[in-house]
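**Q** got a predicted structure plus its sequence, pasted below:
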Amino acid sequence: MQTQSLTAAAGALRHFNRFYTAQIGVLDRDLLGSGRSLSEARVLYELATQQGLTAGDLVKSLGLDAGYLSRMLAGFEKDALVERQRSAQDGRVSHLVLTAKGRAAFAALDGLSQKAAEGLVARLPGESRAELLGALGRVEAMLRPEQQAAEVSLRPHRVGDMGWIVHRQALLYARDYGWNGDYEALILDITSKFLREFKPEREMCRVAERGGEIVGSVFVVEASEQVAKLRLLYVEPSARGAGLGRRLVDECIGFAREKGYGRLELWTQESLGAARRIYAEAGFRHIASTPHHSFGHDLVGETWALDLQAAN
């Protein structure tokens, strides 16, 4: 099943690549009537937007064959688009710099690319444009997980968030673990109670947002004067693997400590391995286990706790 899923995903990605490259004219040797190939246009872009690049830097960042790049750069130099400048720190190193003619060539290419992209997007109404931007951001984030964490901001909850959180968590747990509607009912109860009885000085919800879209959330609620509970930690699949789960847990720990709680507790399931690792790394201790039948499955519920005074 996993192999089939991988094959299907790869096939869908290749299908989209064929569609999009045809849309923007990548297959033409003469990109957008510029007289340049896509590879040449990309190298000019890198040189126009970054300083101090060497040929080695371009080979590494763009994955180009060194011989192919060398021939391309020789052509650029012949056309007086690029010149080499010796490094002041190391005379063996030459930096590639666009000439005035090279900058003009890039500006023309950039204008053609912008016009072509605007032509595609102009067909869409405003709401569809926003949806397209969100989808493009999700695709890039999923394929570049190492850069996700820095792009995600945390904010307090606002109107409309709870419905989204319930919707996404119910779908994700049904998909990943086969949990039934009982879990959706539970999180509906938790979030509705949070809104009805919200105590701003003692409780919080943090929503993780990237590019205007929710990619995770977590809650801290009051259990007693000294004990707070961490609840409903979740991270979207597109935002996993970059430390967001730990960041949300750390946010809860900091909030609970700031508000004077002595202990932070949570309830999770033995089968939720990724979440359990986050809690253990944050300093929580597993203090109790209780078998139960919930959400359509036989599960083992676990209570974890963090002594906030000792963690100071």
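**A** Noted; the coordinates are in hand. Numbering: from 1, shown residues only.

**Q** where in the stretch 51-200 of the chain is pLDDT low?
**A** The stretch 51-200 of the chain contains residues with pLDDT under 70 at 134, 137-138, 141-142, 144-150.

**Q** helices along that one, start to end?
**A** For the stretch 51-200 of the chain, the helices defined by DSSP state H, counting those that start in this stretch occupy 55-62, 66-78, 100-121, 126-143, 148-151, 161-177, 181-196.

**Q** possible to save those helices as a markdown table with distance to Leu264 and mean neighbour count?
**A** For glycine as for every other residue, the C-beta is placed from the backbone atoms N, C-alpha and C. Shown next, in a markdown table, are those (distance: least, CB to CB, whole Å; neighbours: other CB atoms under 10 Å):
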| stretch | distance to Leu264 | mean neighbour count |
| --- | --- | --- |
| helix 55-62 | 43 | 14 |
| helix 66-78 | 54 | 14 |
| helix 100-121 | 46 | 14 |
| helix 126-143 | 29 | 13 |
| helix 148-151 | 22 | 15 |
| helix 161-177 | 20 | 16 |
| helix 181-196 | 16 | 15 |
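
**Q** distance to Cys252 added to those helices, as JSON lines?
**A** Output for the helices of the stretch 51-200 of the chain, formatted as JSON lines (distance: least, CB to CB, whole Å):
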{"stretch": "helix 55-62", "distance to Cys252": "38"}
{"stretch": "helix 66-78", "distance to Cys252": "49"}
{"stretch": "helix 100-121", "distance to Cys252": "40"}
{"stretch": "helix 126-143", "distance to Cys252": "23"}
{"stretch": "helix 148-151", "distance to Cys252": "17"}
{"stretch": "helix 161-177", "distance to Cys252": "15"}
{"stretch": "helix 181-196", "distance to Cys252": "14"}
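
**Q** and those helices: which comes nearest Leu13?
**A** helix 126-143 (9.0 Å; CB to CB).

**Q** which strands or helices does that closest one pack on?
**A** strand 213-222 (3 or more CB pairs under 8 Å, 6 or more residues apart in numbering; DSSP states H and E).

**Q** ok, and what's touching whichever helix or strand comes after the strand it packs on?
**A** Note on strand 213-222: by DSSP states H and E, the next helix or strand toward the C-terminus is strand 227-235. Residues outside strand 227-235 that contact it (CB atoms under 8 Å, 6 or more residues apart in numbering): 165, 168-169, 172, 187, 190-191, 202-203, 208, 215-223, 244-245, 248-249, 252, 256, 259, 261-267, 275, 278.

**Q** now those: which count as buried?
**A** Among these, those buried by neighbour count (16 or more other CB atoms under 10 Å) are 165, 168-169, 187, 190-191, 202-203, 208, 215-222, 244-245, 248-249, 252, 256, 259, 261, 263-266, 275, 278.

**Q** looking at this structure, which residue reaches furthest from the middle?
**A** Here the chain reaches farthest from its C-alpha mean at Lys78, the gap being 41.9 Å by CA atoms, centre = their mean.

**Q** quick one: that residue from Val207, how far?
**A** Distance of Lys78 to Val207, given as CB to CB, to the nearest Å: 55 Å.

**Q** before we move on, what about Arg240?
**A** With distances taken as CB to CB, Arg240 is found 16 Å from Val207.

**Q** which one of those two is surrounded by more residues?
**A** Val207 (20 against 16; other CB atoms under 10 Å).

**Q** which of the helices or strands spans that one?
**A** Per DSSP H and E: strand 204-210 holds Val207.

**Q** now the angle from that strand to helix 126-143?
**A** 90 degrees (axes from the mean of the first three to the mean of the last three CA atoms, to 10 degrees).

**Q** and strand 204-210, which strands flank it?
**A** Looking at strand 204-210 with DSSP bridges, its partner strands are strand 153-156 (antiparallel), strand 213-222 (antiparallel).
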